[in-house]
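Undergrad: What follows is a protein structure lacking sequence information:
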């Protein structure tokens with residue numbers, strides 16, 4: 001990279017040599033940029049080299065555009081019009097006068113913002129690999145949503161050692177007792193069970209799973225025993241044999257990207273393995 005920087009610096013020196021003005025043509029500039037990229041990163045394959053070229057120009061254009069935009073944004077109208085020149089043919093040209101420290105500060109500020117946005121996007125792309133489509137069936141009822149595999153989720157029923165997948169209770173509002181709506185996050189789970197009437201069809205499916213919340217003591221979570229659970233991730237289907245569905249009275253994702261937290265044991269034994277073409281297509285989450 002040092003050699004590439006030296007090449008770029010030597011090119012700037014050519015500005016002071018009038019006889020070498022031909023070096024400022026488009027082909028020479030583009031060829032020199034390819035030389036700098038090849039010197040700094042090497043040539044491993046055409047695809048990777050083209051990606052590096054694209055990143056090089058995007059970063060440079062973003063930084064240069066940010067400097068130019070900030071410069072004119074901070075100028076007054078008088079300073080702006082003083083920098084406009086009219087040619088004899090009626091054309092308009094701009095005289096750009098930017099101080100060194102201004103350019104230095106804005107350049108690195110723009111790069112910092114660009115890097116932050118790029119990292120956030122890459123993080124979001126990586127998170128997509130942990131999303132799956134969840135379908136839970138109880139009797140004739142089937143509820144589907146997007147779930148997130150949380151490797152830190154180790155919630156299990158201590159009696160049967162059955163892993164628990166947590167879902168938003170709002171998904172089941174139409175099938176739960178009316179007096180539970182809006183109260184699951186506020187009223188202890190054992191009290192809600194005590195208030196049940198005999199006409200609730202899923203009484204024999206209810207479980208109380210103890211768990212320890214953040215900065216709280218041990219409490220209980222309402223859970224249900226489903227007939228089946230199917231999870232689809234990246235073209236692979238999983239149907240765990242031992243499942244419990246925990247009900248959370250709040251919102252699991254503030255952005256609404258998922259409404260269930262999948263226990264990692266649920267996605268260990270696939271029943272359908274993806275083909276080569278399927279494995280290359282990540283799951284799209286809206």
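TA: Perfect, I can see it now. Predicted, not measured: the structure shown is a model, and the values here were computed from it.
Undergrad: hang on, residue 232 in a strand?
TA: Yes: counting by DSSP: H, G, I helix; E, B strand; the rest coil, residue 232 is found in a strand.
Undergrad: so what's it up against?
TA: 132, 133, 135, 238, 283 (CB atoms under 8 Å, 6 or more residues apart in numbering). In this view, the C-beta of every residue, glycine as well, is placed from N, C-alpha and C.
Undergrad: By neighbour count, which of these wins?
TA: With neighbours taken as other CB atoms under 10 Å, the top of these is residue 132, carrying 24 neighbours.
Undergrad: just to revisit the earlier point, quick one: least confident of the contacts of residue 232?
TA: The lowest pLDDT within the contacts of residue 232 belongs to residue 283, with 40.
Undergrad: List just the nearest of the contacts of residue 232 to residue 30.
TA: residue 283 (39.0 Å; CB to CB).
Undergrad: circling back: looking at the contacts of residue 232, which is nearest residue 203?
TA: For the contacts of residue 232, the nearest to residue 203 is residue 135 (23.4 Å; CB to CB).
Undergrad: In the sheet, which residues pair with that closest one? Tell me.
TA: Judged by DSSP bridges, the bridge partners of residue 135 are residue 144, residue 230.
Undergrad: what's near enough to touch the residue lying closest to residue 205 once chain neighbours are set aside?
TA: Closest residue to residue 205 in three dimensions, ignoring its sequence neighbours and counting by CB to CB, 6 or more residues apart in numbering: residue 225, at 4.4 Å. Residues in contact with residue 225 (CB under 8 Å, 6+ apart) are 205, 206, 207, 243, 244, 245.
Undergrad: Backbone dihedrals for the third one, please?
TA: For residue 207, the backbone dihedrals are phi -140, psi 150 (criterion: degrees, to the nearest 10).
Undergrad: Quickly list what it is bridged to.
TA: When bridges are called by DSSP bridges, residue 207 pairs up with residue 223.
Undergrad: measure residue 241 to residue 135 for me?
TA: Taken as CB to CB, to the nearest Å, the spacing of residue 241 relative to residue 135 amounts to 15 Å.
Undergrad: same thing with residue 237?
TA: According to CB to CB, residue 237 and residue 135 sit 10 Å apart.
Undergrad: anything in contact with each of the two?
TA: Taking CB under 8 Å, 6+ apart as the contact rule, residue 237 and residue 135 both touch 230, 231.
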